[in-house]
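>>> Structural data only, the sequence is not supplied:
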């Protein structure tokens, strides 16, 4: 029994970051992903390991099944969520941004695109396109035939391709956008920032009904600029702004009187800010003080 537990623990620890990343990409919530990992562990220690040829694939299968069960349950909760639901932001290390495919797959923009898929489509897309599992492995995880998985993958790929972010911003574009935001927040001078807003920029806010936030998407440079012009000067107290990497992309961590008040993830396309994702719900701000390790 002791040897079995040691082997099970060793395999689980070796793949834990991968399993968390799979669960997070399926759920958009670190808290839910951690719960899925607990459930995965409880099932994993009950498995006869002598019959497991590939621990990684077996653990991914358990994790996917548990995440799908939870995704179907939380989907119903999100329908009654107050205002816009945004993924839980994760402070990430620079190495995530260097893996372009991983960074895109965990970005706020992509996670919101994945929300428009059915649970099974989302699992198939993530396992195939991000983690590069073969169709047979995915079939075992989602209880479909390999032929059905191929069809689902094709449908999901086309759906995502029509909605996915347009490209990766250069370091210079990212630096300029974050610097303009920092200047606007710290000085109240919005001129440099407004020049960087794309004509079709969209701002989404998530207060979860706990704190004040915009309840509906604000779209268009004029409307977003008016909102920023009205809101930024009203930041009271001692405000500090830190440029960070959140979900593999550029973001600002805004503290008020030393406490994290907002996380603003910034999407940049063609050198202009095309998306602002403002998370204020305090229940979603626990994973931005310390970097989360993601892997695939």
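Sure thing, it's come through. Keep in mind it's a predicted model, so treat the numbers as computed, not measured.
>>> Only C-alpha atoms from now on, for both contacts and neighbour counts.
Fine.
>>> Which parts of the stretch 101-250 of the chain are strands?
For the stretch 101-250 of the chain, strands defined by DSSP state E, counting those that start in this stretch occupy the ranges 197-206, 218-219, 239-246, 249-256.
>>> could the ones you listed be laid out in JSON lines, adding mean pLDDT?
Shown next, in JSON lines, are the strands of the stretch 101-250 of the chain (pLDDT from 0 to 100):
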{"stretch": "strand 197-206", "mean pLDDT": "95"}
{"stretch": "strand 218-219", "mean pLDDT": "96"}
{"stretch": "strand 239-246", "mean pLDDT": "89"}
{"stretch": "strand 249-256", "mean pLDDT": "91"}
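>>> closest to residue 149 out of the ones you listed?
In terms of Cα to Cα, the element of the strands of the stretch 101-250 of the chain nearest to residue 149 is strand 249-256, at 30.4 Å.
>>> Quick check: neighbours of that closest one in the sheet, parallel or antiparallel?
Sheet pairing of strand 249-256 (DSSP bridges) gives strand 239-246 (antiparallel), strand 259-269 (antiparallel).
>>> Quick one: residues contacting the residue sitting nearest the centre point of the chain.
For the chain, residue 106 is the residue whose C-alpha lies nearest the centre (Cα atoms, centre = their mean; 4.2 Å). Counting by Cα atoms under 8 Å, 6 or more residues apart in numbering, residue 106 makes contact with 25, 247, 248.
>>> again, 10 Å this time
21-22, 24-26, 28, 87, 89-90, 96, 112, 114, 130, 246-249, 294 (Cα atoms under 10 Å, 6 or more residues apart in numbering).
>>> same thing with residue 97?
Contacts of residue 97 by Cα under 10 Å, 6+ apart are 103, 104, 107, 168, 245, 246, 247, 248, 249, 250.
>>> and the strands paired with strand 249-256, which is most packed in?
Among the strands paired with strand 249-256, the stretch with the highest mean neighbour count (mean count of other Cα atoms under 10 Å) is strand 259-269, at a mean of 22.
>>> for stretch 146-163, what is the average pLDDT?
Mean pLDDT, computed over stretch 146-163, is 95.
>>> What residues sit buried inside it?
146, 149, 150, 152, 153, 156, 157, 159, 160 (16 or more other Cα atoms under 10 Å).
>>> got it, and stretch 50-63?
Those would be 55, 56, 57, 58, 59, 60, 61, 62, 63, for stretch 50-63 by 16+ other Cα under 10 Å.
>>> Check stretch 26-44 too.
26-30, 32-33, 35-37, 40-41, 44.
>>> Stretch 272-288 now?
Taking 16+ other Cα under 10 Å as the criterion, stretch 272-288 shows 272-281, 284-285, 287-288 as buried.
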